[in-house]
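K.L.:
got a sequence here, can you model it:
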Amino acid sequence: MRFPFTGVIPVDKPPGITSRKVVDVVARAAGMKAVGHAGTLDPLASGVVVVCLGHATRLVDHLHAQSKAYSATFLLGRSSPSDDFETPIETESDPRVPTDEELEVAARDFRGDILQRPCDYSAIHVDGKRAYRLARKGKPVEIEARPVRIERLDIMAYQWPGLALEIECSAGTFIRAIGRDLAVALGTRAVMESLRRTHVGPYRVDTAVPLASIEPATLPGLLLPPLTALPHLPRVTLTGEVLDSAVRGGLLPADAFVGDRAAAIDGDGVLVGILGRLADGRARLRPNFRGLG
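P.N.:
As a prediction, the model looks like this:
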């Protein structure tokens, strides 16, 4: 299938709108339906939302696999059902005020591989329904803790009740839950006051496109090549008969590259697709941007 546009646009989402709204703005500007985003950002948050167009929508899972970074602020001594300002805030009458040293010691347990229980007010599916829908109806939300990786957690500022953190983490991590659980470890509570996503994989907020700048006339110049979404994969250049065979569904030998997957490019450096290993060690283009697979 041919699309009028194929590529990636890292958008700087303003607070107060959904990630779906960002996709809708880009889709209208592009005049096409094959548009999606690589990771939801809460309506109250701002920062990078990576929008994929055309064939690049098939790279969403690869973007999900890359780390994300956030700047977040919290207010301690407070709690809410949603762990942020979306729901009513309850202030502790006699909160415990942790010291700087206690905060740093507690933060050590939130670095590396940890188990985290997602927030009740989240898009996690529980018995086929979104958790936040159950929570808003006052129904119990039972979500098991799941493994996430916190690659970096830096305490940027702390002056009771304010706490500012910078966090780099794996996909599926809830920043609200980090503040919630860190506060509990300190003998108090916390709500997230603000959240800004500063990067998704290779895409950083300082080079992201303001949503208001995306219009039909500007969109072609804002698109980045799909290959930019795959810095974590090795690259294999296919030319001549090898390229022709691969785009027709032909197999590459096991020694064509190292690892399970590789980004296949043509002689001009344009992404052709992603090579994935089969059971016998050989590789095939899946997805195949120039074929039907």
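
K.L.:
hang on, isn't residue 219 packed against residue 28?
P.N.:
No. Between residue 219 and residue 28 no contact is recorded; they are 9.8 Å apart, counting by Cβ atoms under 8 Å. Yep, even glycine has a C-beta here, placed from its N, CA and C like the rest.

K.L.:
out of these two, which sits in the more crowded spot?
P.N.:
Under the neighbour definition other Cβ atoms under 10 Å, residue 219 and residue 28 were set side by side, and residue 219 has more, 21 against 14.

K.L.:
what about the closest residue to that one other than its chain neighbours, which helix or strand?
P.N.:
Here the nearest residue to residue 219 in space, its sequence neighbours aside, is residue 29; by Cβ to Cβ, 6 or more residues apart in numbering that works out to 4.6 Å. Secondary-structure element containing residue 29, defined by DSSP states H and E: helix 19-30.

K.L.:
ok now that helix, how far from the chain's centre?
P.N.:
Mean-position distance between helix 19-30 and its chain equals 17 Å (Cα atoms, centre = their mean, to the nearest Å).

K.L.:
and residue 96, helix, strand or coil?
P.N.:
Remark: residue 96 carries the secondary structure label coil [criterion: DSSP: H, G, I helix; E, B strand; the rest coil].

K.L.:
any idea which element the residue nearest to it when sequence neighbours are not counted lies in?
P.N.:
Nearest residue to residue 96, sequence neighbours excluded (Cβ to Cβ, 6+ apart): residue 187, at 4.3 Å. Under the criterion of DSSP H and E, residue 187 resides outside all helices and strands.

K.L.:
same question, the one 4 residues further on
P.N.:
Following DSSP H and E, the helix or strand that holds residue 191 is strand 190-200.

K.L.:
this protein: helices as residue ranges?
P.N.:
Listed in chain order, the helices found in the chain under DSSP state H are 19-30, 60-64, 100-107, 131-136, 175-185, 219-222, 240-247.

K.L.:
wait, which of those helices is closest to residue 287?
P.N.:
Distances from residue 287 to each of the helices of the chain were compared by Cβ to Cβ, and the smallest falls on helix 60-64, at 10.2 Å.

K.L.:
which other helices and strands does the closest one contact?
P.N.:
The helices and strands touching helix 60-64, judged by 3 or more Cβ pairs under 8 Å, 6 or more residues apart in numbering; DSSP states H and E, are strand 46-53.

K.L.:
at 6 Å what do you get?
P.N.:
Judged by 3 or more Cβ pairs under 6 Å, 6 or more residues apart in numbering; DSSP states H and E, helix 60-64 is in contact with no other helix or strand.

K.L.:
just the CA atoms of it, as CSV, please.
P.N.:
Provided in CSV are the C-alpha atoms of helix 60-64 (Å, rounded to 0.1, in the frame of the first residue of the first chain):
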residue,chain,number,x,y,z
VAL,A,60,5.5,1.6,17.1
ASP,A,61,6.5,-1.5,19.0
HIS,A,62,10.2,-0.8,18.4
LEU,A,63,9.7,2.7,19.9
HIS,A,64,7.9,1.3,22.9
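
K.L.:
tell me which residues in it are buried?
P.N.:
Residues 60, 62, 63, 64 are the ones in helix 60-64 that count as buried (16 or more other Cβ atoms under 10 Å).

K.L.:
nearest to residue 108, of those?
P.N.:
Looking across those and measuring by Cβ to Cβ, the closest to residue 108 is residue 64, at 27.4 Å.

K.L.:
ok, that closest one touching residue 171?
P.N.:
Yes. When contacts are counted by Cβ atoms under 6 Å, residue 64 is listed as touching residue 171 (4.7 Å).

K.L.:
related to what we said a few turns ago, what's the angle between the helix holding residue 29 and strand 46-53?
P.N.:
In this structure, helix 19-30 runs at an angle of 50 degrees to strand 46-53, with axes from the mean of the first three to the mean of the last three Cα atoms, to 10 degrees as the basis.
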